[in-house]
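[1] kindly return the folded structure for what I paste below:
(one chain, ligands or ions: 1)
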Amino acid sequence: MGSEAGAVEELIARNGGVAVIDGGLATQLEALGAVFNDPLWSALCLIRDPHLIKQVHLQYLEAGADILVTSSYQATIPGFLSRGMSLEEGELLLQRSVKLALEARDSFWKLAQQNEESNYNCALVAASIGSYGAYLADGSEYSGNYGPSVDLEKLKDFHRRRLQVLVDAGPDLLAFETIPNKLEAQAITELLDEENIQIPSWICFSSMDGEHLSSGEDFKDCLDILNTSEKVSIVGINCASPLIVENLIRQFKKLTKKLLAVYPNSGEVWDGRAKKWLQPECANEKRFDLLAKRWHECGASLIGGCCRTTPSTIRSISMLLKNKP
Ligand SMILES: [Zn+2]
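    This is a model prediction of the structure:
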């Protein structure tokens, strides 16, 4: 546990052992009418519709989220440069992602404090840093297959400038998301030290089988690396099926003492040929909020949703886990 994780620990203690992370950002942007059939994905909104991003942050706060994840998941400097933007413009967009979340948090909190009956916490803002695979936009964030040309230094170089810009914009923590392999976990861990980052980080992995990282590597080898870092305060899983999360929490509990975060997707699977989301088996029997209660009982202390989860998912888990409206 890093010494800087005080604000997160405080939040968890105040809620009786849990903090609620928000839900799918891209999903909710699409629900509000945004269209991003594009390699920049939801980062397009930073350019075209920043007001929608703020609106989604406010919707998640209203639903009870204690932690907002910013819109920088697929916002990268090489991605922006490849669209003809300058370095300066790209950096401004990254700053904007943090600013939008901080503004939403501050204005919501100001109103909440004026209402004596409100039960809200002052939310924390986690700057999202998607994996290298998310930038490639070729699905490799779910396979971990980056090819032979990608080594430790290349991954560090990819992450370095975005990390610096996001930290300078003043978020409360960093959220590395959908990390699919050990090499990238190691690159991030080393980079946090090299850059002397002073805010806490979470590193969340993707997993397809509920046993291994998406790459097929063992979590033990990966967590052995993360456990050596004071800068990584929280580890966990995001954008995996909710049906495999409990097994992963049990495994993580044996491998690390760090706080655990889980925010799986809805369990729907994208059928690229039919261009529609397929419902998971047993979707009805295993409702997300009941699963979330199990995840908490098994030892996860930060719980939320990823793709295809919405403010209504977050509202129900917030009510169930915090036992207050
Ligand atoms: Zn997701």
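[2] what number of residues lie near Glu211?
    Counted with other C-beta atoms under 10 Å, residues neighbouring Glu211 total 13. In short, each C-beta sits where N, CA and C put it, glycine included.
[3] for Gly24, same thing?
    Based on other C-beta under 10 Å, the number of other residues close to Gly24 is 27.
[4] ok, now which ones touch it?
    By C-beta atoms under 8 Å, 6 or more residues apart in numbering, the contact set of Gly24 is 265, 305-310.
[5] relative to Gly144, how far out is the closest residue to Ala137 other than its chain neighbours?
    In space, Ala137 comes closest to Pro39 once its chain neighbours are excluded; the distance is 4.2 Å by C-beta to C-beta, 6 or more residues apart in numbering. To Gly144, Pro39 is 19 Å away according to C-beta to C-beta, to the nearest Å.
[6] okay if I get the contacts of Gly24 as JSON lines plus secondary structure and distance to the ion?
    As requested, the contacts of Gly24 are exported to JSON lines (DSSP: H, G, I helix; E, B strand; the rest coil; distance: C-beta to the ion, whole Å):
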{"residue": "Asn265", "secondary structure": "coil", "distance to the ion": "5"}
{"residue": "Gly305", "secondary structure": "coil", "distance to the ion": "9"}
{"residue": "Cys306", "secondary structure": "coil", "distance to the ion": "3"}
{"residue": "Cys307", "secondary structure": "coil", "distance to the ion": "3"}
{"residue": "Arg308", "secondary structure": "coil", "distance to the ion": "8"}
{"residue": "Thr309", "secondary structure": "coil", "distance to the ion": "8"}
{"residue": "Thr310", "secondary structure": "coil", "distance to the ion": "12"}
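[7] tell me the pLDDT at the residue in the stretch 1-150 of the chain that the ion sits nearest to?
    At 6.0 Å from the ion, Gly24 is the closest residue in the stretch 1-150 of the chain, using C-beta to the ion. Looking at Gly24, its pLDDT is 97.
[8] ok, now Val150?
    The per-residue pLDDT reported for Val150 equals 98.
[9] same check on Trp277?
    With respect to pLDDT, Trp277 has a value of 74.
[10] let me see the backbone angles for Ile237.
    With angles defined as degrees, to the nearest 10, Ile237 sits at phi -130, psi 140.
[11] how close does it sit to Trp295?
    Ile237 sits at a distance of 10 Å from Trp295 (criterion: C-beta to C-beta).
[12] which residues are in contact with both of those two?
    With C-beta under 8 Å, 6+ apart as the test, Ile237 and Trp295 both reach 245, 262.
[13] what's the mean pLDDT across stretch 77-87?
    Computed over stretch 77-87, the average pLDDT equals 95.
[14] for that stretch, buried residues please.
    77, 79-80, 85 (16 or more other C-beta atoms under 10 Å).
[15] list the ones among those residues that fall in strands.
    Judged by DSSP state E, strands contain none of the buried residues of stretch 77-87.
[16] near the ion, which residues of this protein are found?
    239, 306-307 (C-beta under 5 Å from the ion).
[17] now the strands for the protein?
    For the chain, strands defined by DSSP E occupy the ranges 19-20, 67-69, 124-130, 173-179, 201-205, 232-238, 259-263, 269-271, 276-278, 302-303.
[18] dump the ones you listed to TSV, plus distance to Ala187.
    Formatted as TSV, the strands of the chain follow (distance: least, C-beta to C-beta, whole Å):
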stretch	distance to Ala187
strand 19-20	27
strand 67-69	21
strand 124-130	11
strand 173-179	10
strand 201-205	11
strand 232-238	13
strand 259-263	20
strand 269-271	28
strand 276-278	32
strand 302-303	23
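[19] from the stretch 51-200 of the chain, which residue is nearest to the ion?
    Counting by C-beta to the ion, the stretch 51-200 of the chain gets nearest the ion through Thr178, at 6.6 Å.
[20] tell me the contacts of that residue?
    Thr178 neighbours (C-beta under 8 Å, 6+ apart): 130-131, 133-134, 141-142, 204-206, 238-239.
[21] same check, this time on Leu152
    So Leu152 contacts 183, 186-187, 190 (C-beta under 8 Å, 6+ apart).
[22] could you check the angle strand 124-130 makes with the lengthiest helix in the chain?
    Ranked by residue count under DSSP state H, the longest helix found in the chain is helix 87-114. Between helix 87-114 and strand 124-130, the angle comes out at 150 degrees (axes from the mean of the first three to the mean of the last three C-alpha atoms, to 10 degrees).
[23] report all helices and strands that helix 87-114 contacts.
    Helix 87-114 sits against helix 44-48, helix 50-63, strand 67-69, helix 77-81, strand 124-130, helix 152-168, with contacts defined as 3 or more C-beta pairs under 8 Å, 6 or more residues apart in numbering; DSSP states H and E.
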